[in-house]
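Student: Could you work out the structure for the sequence below:
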Amino acid sequence: MCLLLALLSAVWISRDLVVARHPSDVWWLWAGVPLRPEGAAVWATTLLEPVLGIGCLAAVVAVLRRSPSAPCALSAVAGVTLLFRAPPLWNLGADGLPGAGAGARGWALITAGVALVVSVLLLIAASAGRGGADRRESRLRRAPAVVAALLLAGAGVILAAWQAYTVRELGWSTYWGSVVGDGDAHRVLLQPPGNWTLLSLALLSLVSAVGAARRAPSLRPLGLLTAALLLAHGAAALAAEQRAGLLGHFRALAPRTQLDVATAAFTVLAGLVALLALARPAAGAAVPRGPVGEPLPPGYAPPPPPADLPPNW
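Tutor: A predicted model of the protein is given here:
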């Protein structure tokens, strides 16, 4: 089922590469730069597609290797997919993307619906297979867990603060419309509304930070996926700001724009360092195992050799 989610992402990415005037246009689309595709087509993908696709493939590898973290990886992929695939259902269902033909909009609706159904099935499968996974998997190492928790919490707080600022600037009703999507708030078929994405990233960051602070192995896959999303989001924002010439004139920018650039830079740093920290092997990953594959109990030592050894032993 994870392979199906990865395949859906790959198909839509390939479709955007076909309709693009140049393959690099797809990257700039993901970075938020307004570019037009070839002819009358509309764009379909965002930066979520490659990140979720890679996350799905990583979950497949965990399942094939029968890793103790496989159920948690499936839960993380399914939860994040549900979070980001739900908005296109009501936005596209309400003819929310001007210029999108009925065919493209219909296929995007089918994709979102299939992704939601598959995600629910993955959650059911993960809950059935969770069993003793947490007992078999070791806790995170203390130092990397603390680093990841601090950075993820910092990113979550900053993103949440920007959302609070946006509420104050726009008013609640306008802000809520930009969160749930008012039809003109996005220009890509599978794109969630912008503030929905930022609010979701803030929520995922804070939940992952709590899991890292508790050194919980069950939330490690979610933390890895969240860190990858933060890294991709920040890198795309920095690329767009560099293309606009903002980074070379940072001191001359307005304070609000400087804060935007600083937020993108911190998001890249937090995502990259948290990803590396959480990717380190767990505390007991190299513990020798007994004959049935279970960890040896603490303090266990093999029995001493017999006192009377045979000749030439």
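Student: residue ranges with poor pLDDT in the stretch 201-313 of the chain?
Tutor: 283-313 (pLDDT under 70).
Student: Which stretches in it count as helices?
Tutor: Along the stretch 201-313 of the chain, counting by DSSP state H, counting those that start in this stretch, helices occupy 220-243, 255-278.
Student: Alpha carbons of the first one, in CSV - could you do that?
Tutor: Included here for helix 220-243 are C-alpha records, laid out as CSV according to Å, rounded to 0.1, in the frame of the first residue of the first chain:
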residue,chain,number,x,y,z
ARG,A,220,11.0,8.5,15.8
PRO,A,221,9.7,7.8,12.3
LEU,A,222,7.3,10.8,12.6
GLY,A,223,10.2,12.9,13.8
LEU,A,224,12.3,11.9,10.8
LEU,A,225,9.5,12.6,8.3
THR,A,226,8.7,16.0,10.0
ALA,A,227,12.4,16.9,9.9
ALA,A,228,12.5,16.1,6.2
LEU,A,229,9.4,18.2,5.6
LEU,A,230,11.0,21.1,7.5
LEU,A,231,14.2,20.8,5.6
ALA,A,232,12.4,20.7,2.2
HIS,A,233,10.1,23.6,3.2
GLY,A,234,13.0,25.8,4.3
ALA,A,235,15.2,25.0,1.4
ALA,A,236,12.4,25.8,-1.1
ALA,A,237,11.8,29.1,0.7
LEU,A,238,15.5,30.0,0.6
ALA,A,239,15.7,29.1,-3.0
ALA,A,240,12.8,31.4,-3.9
GLU,A,241,14.3,34.2,-1.9
GLN,A,242,17.6,33.8,-3.6
ARG,A,243,15.9,33.9,-7.0
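Student: separation between residue 175 and residue 259?
Tutor: 18 Å (CB to CB, to the nearest Å). Using the backbone N, CA and C atoms, a C-beta is placed for each residue, glycine as well.
Student: Repeat that for residue 138.
Tutor: From residue 138 to residue 259 the distance is 40 Å (CB to CB).
Student: cool, and residue 21?
Tutor: Residue 21 is 33 Å from residue 259, where distance means CB to CB.
Student: I'd like the helices of the stretch 201-313 of the chain as JSON lines, with distance to residue 70 appended.
Tutor: Converted to JSON lines, these look like this (distance: least, CB to CB, whole Å):
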{"stretch": "helix 220-243", "distance to residue 70": "9"}
{"stretch": "helix 255-278", "distance to residue 70": "16"}
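Student: Would you state the helices of the stretch 51-200 of the chain in chain order?
Tutor: Under DSSP H, counting those that start in this stretch, the stretch 51-200 of the chain gives helices at 70-93, 102-130, 133-136, 142-170, 172-180, 194-213.
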